[in-house]
Structures are given as C-alpha cells and as structure tokens.
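Q: 3D model of this:
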Amino acid sequence: MAPSDFSDRKTIEERRNRGPPFILLLPLIYAPILPLIRIGLRRRPVLRDRLFFGVLAGAFAHGTYLVTDLYDVEGR
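A: Below is the predicted model:
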C-alpha cells in the first residue's frame, strides 16, 4: 500500500465522521416521550402501560447496544 493510499483513506474516514452522532442523541428523545405517554394516555391504561414499557425496553436495548462491543466508535 502506497503512502498516498493511506492518506486518502484517512481523509475519507474523516469526512464520514463529520456529523453529530445521532445514535448517541436518542436519550434526548426518550426522556420527554416517557412522561408524555403516561400523561397523554391516562384514560387508556392498557395501551398506556404497553406503550410505556415497550419504549422503555427499547431504551434499555439501545443503551445495552451502546455499551457492548457491537457499537465501537474507537475501533473504527
């Protein structure tokens, strides 16, 4: 591999990583959604509880995904 190939790859990788890491910003969406589900669906307790726990399970799955080796920012 020529030295210029390495520098070209490095610039391509730097271009890809320019934007904000949206996957890390998802807790900013989960935080207000959970209380809004509880408040907004007060009159439908079965749907409220199922939706609340479904979103909560999704949040925990997302957190688990981020702390495991499946999502490794430093390794890329």
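Q: Can you tell me which helix or strand of this structure has the lowest average pLDDT?
A: For the chain, scoring each helix and strand by mean pLDDT, DSSP states H and E identifies helix 3-16 as the least confident one, at a mean of 58.
Q: ok, residue 46 - how many residues close by?
A: Per other Cβ atoms under 10 Å, the neighbour tally for residue 46 reads 8. Every residue, glycine included, has its C-beta placed from N, CA and C.
Q: swap that for residue 63, sorry
A: 13.
Q: Can you give the contact residues for whichever helix or strand it is part of?
A: According to DSSP states H and E, residue 63 maps onto helix 45-67. Residues outside helix 45-67 that contact it (Cβ atoms under 8 Å, 6 or more residues apart in numbering): 23, 24, 26, 27, 30, 33, 34, 37, 38, 41, 42, 71.
Q: Out of those, who's the most crowded?
A: residue 37 leads these on contacts (other Cβ under 10 Å) with 20 neighbours.
Q: That one: what's it in contact with?
A: Residue 37 neighbours (Cβ under 8 Å, 6+ apart): 48, 51, 52, 55.
Q: just the buried members of the residues you listed?
A: Using 16 or more other Cβ atoms under 10 Å as the burial test, those include 48, 51, 52 as buried.
Q: Redo those as a markdown table? Include pLDDT.
A: Shown next, in a markdown table, are those (pLDDT from 0 to 100):
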| residue | pLDDT |
| --- | --- |
| 48 | 97 |
| 51 | 96 |
| 52 | 96 |
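Q: Reformat those as a markdown table; add distance to residue 60.
A: What follows is the buried ones among the contacts of residue 37, written out as a markdown table (distance: Cβ to Cβ, whole Å):
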| residue | distance to residue 60 |
| --- | --- |
| 48 | 19 |
| 51 | 15 |
| 52 | 13 |
